[in-house]
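From the sequence below, what's the structure:
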Amino acid sequence: MGEVYRARDTRLNRPVAIKFLSPDLADPAGRRRFQREAQMASALNHPHIVTVYDVGEVEDRQYLVMEFADAGTLRDWTRHSMRSWRSVIEILLGVADGLSKAHEAGILHRDIKPENILVTGDRYAKLADFGLAKVSGGAPSEITRTLTAGNTRGGMIVGTIGYMSPEQASGEPLDARSDIFSFGAVLYELLSGHRPFSGSTDLEVLQKVIHDQPQPLGGDVPAEVRMVVEKALEKDRANRYQSMRDMAGDLRRVSRPSGEAAKPAGTHRRSWLLATAALALVAGGFGFWRLRSGAVRVPKIRSVAVLPLQNLSGDPNQEFFSDGATEELISTLGQIHAFEKVISRTSVMRYKGSSKSLPQIARELGVDAVVEGSIERSAGRIRIRAELIDASDTQLWSRQYDRKGGDLLGLEAEVASAIAHEIRLQVTPQENARLARERKINPAAQEEYLLGKYLGSRALNPENRREAIRHFEKAIEIQRDFAAPYAGLTSAWVQLETIGGAGFQEGMAAVRSSALRAIELDPDLSDAHLAMSTVAGKDKDYPGMITELERAIALDPNNADAHLSYGAVLVVLGRSAEAIPEIERAAALDPLSPTIQGVAGGRLCLARRWDLAAPRLRRSIELDPQNPGAYNLLAETYEMTGNLPEALRLQQEAERLGGIHYAPEVGRLHALLGHRREALYVLQRVTKPGALTSVANADFELALLYFALKDRDHGFEQLTKAMNVRPDLYSYIKDEARFDSIRSDSRFQGLLRRFGPPKQP
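Below you'll find the model as predicted:
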């Protein structure tokens, strides 16, 4: 029906897809159908329905501008991904929710098939192509075409042969149950690897759709799942699921690990709690039951994870707000010292859109309970629904809040206080005062701040960080006394300077001024003290750095970044025995973050604890197999434990993934293995004009290669050049094991004296 191009929206700096109506379909009927696709899709705001951003016409050709899904269609996903029955349900559950939303709006899709379901890189499926959709109960469509294998040709039936329902194949009036049949056909195909109905001709397929039953699914699919599919594929629509919501609910329940957890949440919990409460009363109680509510006394909850709040606004462009609210709630709960562990944002965001059961998530994160809920922003107000559910899938607490749009921070504090009170946590007077204080935040400033945080959590590249900086600066421009954007600025500038997107002086000047202003406005902001510790570290003021980090941790004992930085400075000061628990604490607070696991591994390498570093780095690679830095550091653990061939293999993988930045390390290992010709070839490549000019710390890496080639003169020339640009590299070279071969050289000692702190603490 169309030609689709990948493009970039230059105003909002995002990738989009532009779909042009094919010239051979540009008759009046085709143009109306194309226009209807835009109207239908834009009327449905749902995270699992492809968003239409714009519609127009250029040079007499109609076009749609839509969000870009970067992993192709569901058909592509089946070719390139392992397909367990659970993963199939997991990826289709969101589509089921989106289709349910369409049905509730009175819209029938009428062409559910793998080619019309798009997949993003993080396995987020979205329903697309509403070209055949119609309003339920409306007049018949003027367009009567049959789609086969993704192609369109004239015919009397609307839909795609092989996925249409029996009533669709017979040309009868349709309702939502027809889409349910088509969805069941897609589910069957993904579970079995073949279509439920096939034949040598279209007519034969149509006959099978109307009269024949598909082959039973194999024994590797659980019986409960087979029953859901069979019910969706009933020939008589009266025997099918009567709503998509019912089918989605059954899919969620059967995908849970245990039959007990799979029962409907509301009826199961309520009846079970009432029954056990009654038994307890009969038995005498012993004070174990809270009789006022009929619920079990709350078990000991000392660790918690806040799952991503569901965006109920209906607008995918508001995901930044729901993600930001999730992060603010995590931060607020983290300030309560009685919690032994509040899982960091990076780890919980991996469960966004996941259909995993709550007990499974709790086990994977190592927590006693999870908080889940939703957030909606409309008409200048914010509504949050939050539930606290323990690791056995028992609801402990549930509440809904409604506030004015500028009071998100106060609302998060109220939710955190209620949770702490519910599970009988001891909240100190100081913590109560911080949670209860009034915050008057301009809604526009709050939105810019959350946009900055959202962009700061995206891929670590200069473009994202500079865009985040612009939003933080806009928030400050709107409200000068809002402390949080100043702290956000510090983090964004540190990251930008670290990856080479800003000069050292430019970056540190911005970090220093914004961190000082954040602390001036809010001395109790943990991230502001973390930023000041970075400034102190760049100044090699290690006592000042420790003071700031201890204050950051005192304010938020669950701040993973603060624990990681504290461990790093303790390593620099030679206090490795104290450093290791801090590094391990950071890794436990963010167990599913490949970055945190990788950085923790790097800090353990500096502490020369190769035995502890290697598992962290392997875990980082397991979480993100495309992360070259983790391979680079893991290679160091093999090098230092005597396995140079494996170290070389890992460094070559780092170069394959990360490019020429990692080539000097490959050359260095060739030199250590006696492969001088290969090492010199690498040296020739990386010293070509422009080869490493855009790479941060290029001179540092070249110095190591020269030292391995036993060319100390060039090595010290490069190392001195690196230190002149980045004086803070002192903290790395001071104890870095790769410099052991030249540590006794007077030139090395001279660099330590020149760039080290004026007075050791």
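
Would you map out the domains in the chain?
2-67, 74-254, 265-296, 303-440, 631-636+644-761 (automatic domain parsing).

Export the ones you listed to a markdown table and append columns for mean neighbour count, mean pLDDT and distance to E520.
All C-beta atoms are positioned from the backbone trio N, CA, C, and that covers glycine. Shown next, in a markdown table, are those (neighbours: other Cβ atoms under 10 Å; pLDDT from 0 to 100; distance: least, Cβ to Cβ, whole Å):
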| stretch | mean neighbour count | mean pLDDT | distance to E520 |
| --- | --- | --- | --- |
| domain 2-67 | 16 | 81 | 32 |
| domain 74-254 | 18 | 81 | 39 |
| domain 265-296 | 13 | 36 | 45 |
| domain 303-440 | 19 | 80 | 16 |
| domain 631-636+644-761 | 18 | 87 | 25 |
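
Among those domains, single out whichever gets nearest to D611.
domain 631-636+644-761 (12.8 Å; Cβ to Cβ).

So, low pLDDT: which residues of the stretch 451-600 of the chain?
458-461, 497-508 (pLDDT under 70).

Between the domains of the chain, which one is closest to R551.
Taking the domains of the chain one by one with Cβ to Cβ, domain 303-440 is closest: 12.8 Å.

Now do the helices in the stretch 151-300 of the chain.
166-169, 176-192, 202-211, 223-232, 244-254, 265-283 (DSSP state H, counting those that start in this stretch).

With the stretch 601-750 of the chain instead?
With DSSP H, counting those that start in this stretch as the criterion, the stretch 601-750 of the chain has helices spanning 610-623, 628-640, 644-658, 663-672, 676-686, 698-708, 712-725, 730-733, 746-755.

out of the ones you listed, nearest to L450?
So among the helices of the stretch 601-750 of the chain, helix 610-623 is nearest, using Cβ to Cβ, at 25.6 Å.

now the domains of the chain in JSON lines, with distance to G456?
Listed next are the domains of the chain as JSON lines, based on distance: least, Cβ to Cβ, whole Å:
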{"stretch": "domain 2-67", "distance to G456": "15"}
{"stretch": "domain 74-254", "distance to G456": "17"}
{"stretch": "domain 265-296", "distance to G456": "34"}
{"stretch": "domain 303-440", "distance to G456": "10"}
{"stretch": "domain 631-636+644-761", "distance to G456": "18"}
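
re the thing from before, distance to K113 added to the helices of the stretch 151-300 of the chain, as CSV?
Output for these, formatted as CSV (distance: least, Cβ to Cβ, whole Å):
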stretch, distance to K113
helix 166-169, 12
helix 176-192, 6
helix 202-211, 13
helix 223-232, 15
helix 244-254, 16
helix 265-283, 31
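
For L451, find the nearest of these.
helix 244-254 (31.2 Å).

and the closest one with helix 176-192, angle?
Orientation of helix 244-254 against helix 176-192 (axes from the mean of the first three to the mean of the last three Cα atoms, to 10 degrees) gives an angle of 30 degrees.

what's in contact with helix 244-254?
Contacts to helix 244-254, defined as Cβ atoms under 8 Å, 6 or more residues apart in numbering, come from residues 89, 92-93, 96-97, 99-100, 103-104, 176, 179-180, 183-184, 222, 224-225, 228, 231-232, 241, 262-264, 355.

same thing but 6 Å
89, 93, 96-97, 99-100, 103, 180, 224-225, 228, 241, 262 (Cβ atoms under 6 Å, 6 or more residues apart in numbering).

And the strands in the stretch 1-150 of the chain?
2-9, 14-21, 52-58, 61-67, 107-108, 117-119, 125-127, 134-135, 145-148 (DSSP state E, counting those that start in this stretch).

how about a markdown table for these, with distance to H421 added?
A markdown table is the format used below for the strands of the stretch 1-150 of the chain (distance: least, Cβ to Cβ, whole Å):
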| stretch | distance to H421 |
| --- | --- |
| strand 2-9 | 46 |
| strand 14-21 | 42 |
| strand 52-58 | 44 |
| strand 61-67 | 41 |
| strand 107-108 | 44 |
| strand 117-119 | 42 |
| strand 125-127 | 39 |
| strand 134-135 | 48 |
| strand 145-148 | 57 |
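
my read is G373 is in a helix, agree?
No: checked against DSSP: H, G, I helix; E, B strand; the rest coil, G373 lies outside a helix; its state is strand.

Does it have any beta-bridge partners, and if so which?
Beta-bridge partners for G373, by DSSP bridges, are A386.

related to what we said a few turns ago, so which of the helices of the stretch 601-750 of the chain comes closest to D527?
Going by Cβ to Cβ, the one of the helices of the stretch 601-750 of the chain nearest D527 is helix 730-733, 21.2 Å.

What is the distance between that closest one and the centre of its chain?
Centre-to-centre, helix 730-733 and its host chain are 32 Å apart (Cα atoms, centre = their mean, to the nearest Å).

and what of stretch 242-260?
25 Å.

cool, stretch 516-528 as well?
27 Å.

same deal with stretch 14-33?
33 Å.

what are the phi and psi angles of R383?
phi -120, psi 130 (degrees, to the nearest 10).

ok, it to N13 distance?
Counting by Cβ to Cβ, to the nearest Å, the separation of R383 from N13 is 30 Å.

Let me see the contact set for K440.
Applying Cβ under 6 Å, 6+ apart, no residues qualify as near K440.

same thing with the one 4 residues further on?
Taking Cβ under 6 Å, 6+ apart as the criterion, A444 is in contact with I478.

which secondary structure element contains it?
In the assignment (DSSP states H and E), A444 maps to helix 443-456.

The residue lying closest to T595 once chain neighbours are set aside and K540, how far apart?
Sequence neighbours aside, T346 is the residue nearest to T595 in space, at 6.9 Å (criterion: Cβ to Cβ, 6 or more residues apart in numbering). The gap separating T346 from K540 is 29 Å, by Cβ to Cβ.

before we move on, back to that, what's the closest of the strands of the stretch 1-150 of the chain to I546?
Nearest of those (Cβ to Cβ): strand 14-21, 41.4 Å.
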